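S.K.: below are the sequence and a predicted model; questions follow.
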Amino acid sequence: MNKTWVQFGIQCREAVMKRVFYISDDLDDLELVEYELELSGISPPQIHVLTDNDTEVASHHHLHPVKSIMRNDIIHSTEIGAVVGVCAAAIVLLVAFLSGATETVGWVPFVMLAIVMLGFITWEGGLFGIQELHYQFRRFKQVLKSGKHVLMVDVEPNQEITLANVTLAHDKLKPAGIGKAPPHWLIATQNGWAKMKRTLP
């Protein structure tokens with residue numbers, strides 16, 4: 001039993017991915033980089049290009065642009081809003097309990113108020129996120145405004161050498177740091193969906 005849990009822990013640790021960023025001003029070169037990465041075993045859902053020039057990216061059929069829902073900060077901001085909303089709701093219920101108001105008017109008004117506050121603050125967080133660039137992409141705001149592009153590759157630990165071998169051969173690529181990648185299961189799901197679509201008539 002203990003051995004099984006140890007193996008499971010090792011697999012989980014190995015499955016941790018990281019996102020590697022590069023900056024380039026040449027979409028033709030980025031298209032070649034993506035093609036080489038895919039030939040080396042890194043799947044398309046792991047490779048994306050962030051740019052303000054969506055029309056240019058669309059003309060390069062092998063490039064995968066960052067989808068609009070992933071460009072903004074709606075998911076991250078909604079999560080933050082939900083956490084703040086839970087705290088606000090808990091404060092409402094705590095104040096109601098400590099003040100003794102629940103003994104006279106009951107819990108229902110305060111529970112309803114807590115639910116309304118949770119929903120409103122969560123919604124406000126999402127609304128704020130729609131207007132903001134994703135928190136991982138904000139450092140590239142000036143880079144994007146200057147007309148350059150950001151290549152981001154989500155890699156597993158055993159793919160890091162492959163990524164380095166491909167990218168080092170391209171002088172126009174400038175390393176731009178690392179960030180948090182999506183969960184491993186999400187990439188695996190996207191790969192499975194892509195394979196299923198290829199088998200459909």
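M.R.: That came in fine, so what should we check first? Residues are numbered from 1 along each chain as shown.
S.K.: please make it C-alpha for all contacts and neighbour counts, starting now.
M.R.: Fine.
S.K.: let me know the secondary structure of Val20.
M.R.: strand (DSSP: H, G, I helix; E, B strand; the rest coil).
S.K.: hang on, His62 packs against Tyr35?
M.R.: Yes. Counting by Cα atoms under 8 Å, His62 does reach Tyr35; the two are 7.1 Å apart.
S.K.: would you map the helices across the protein?
M.R.: For the chain, the helices defined by DSSP state H occupy 2-14, 27-39, 54-58, 68-71, 74-99, 101-105, 108-130, 141-145, 160-167, 184-199.
S.K.: what sits against the residue nearest to His62 when sequence neighbours are not counted?
M.R.: The shortest distance from His62 to any non-neighbouring residue, by Cα to Cα, 6 or more residues apart in numbering, is to Glu31 (6.0 Å). Glu31 makes contacts with 60, 62-63, as judged by Cα atoms under 8 Å, 6 or more residues apart in numbering.
S.K.: so how far is Leu50 from Lys67?
M.R.: As judged by Cα to Cα, to the nearest Å, Lys67 and Leu50 stand 9 Å apart.
S.K.: what do you get for Thr167?
M.R.: The value you get for Thr167 to Leu50, if Cα to Cα is used, is 17 Å.
S.K.: then Met152?
M.R.: With Cα to Cα as the criterion, Met152 and Leu50 are 8 Å apart.
S.K.: and the residue nearest to Pro175 when sequence neighbours are not counted, bridged to which residues?
M.R.: Take Pro175 and drop its neighbours on the chain: the residue closest to it by Cα to Cα, 6+ apart is Tyr22, 4.5 Å away. Here Tyr22 sits in beta bridges with Leu151, Pro175, going by DSSP bridges.
S.K.: wait, Tyr22 sits on Lys174?
M.R.: Yes. The pair Tyr22 and Lys174 passes the contact test of Cα under 8 Å, sitting 5.3 Å apart.
S.K.: which one's more surrounded, these two?
M.R.: Tyr22 (19 against 16; other Cα atoms under 10 Å).
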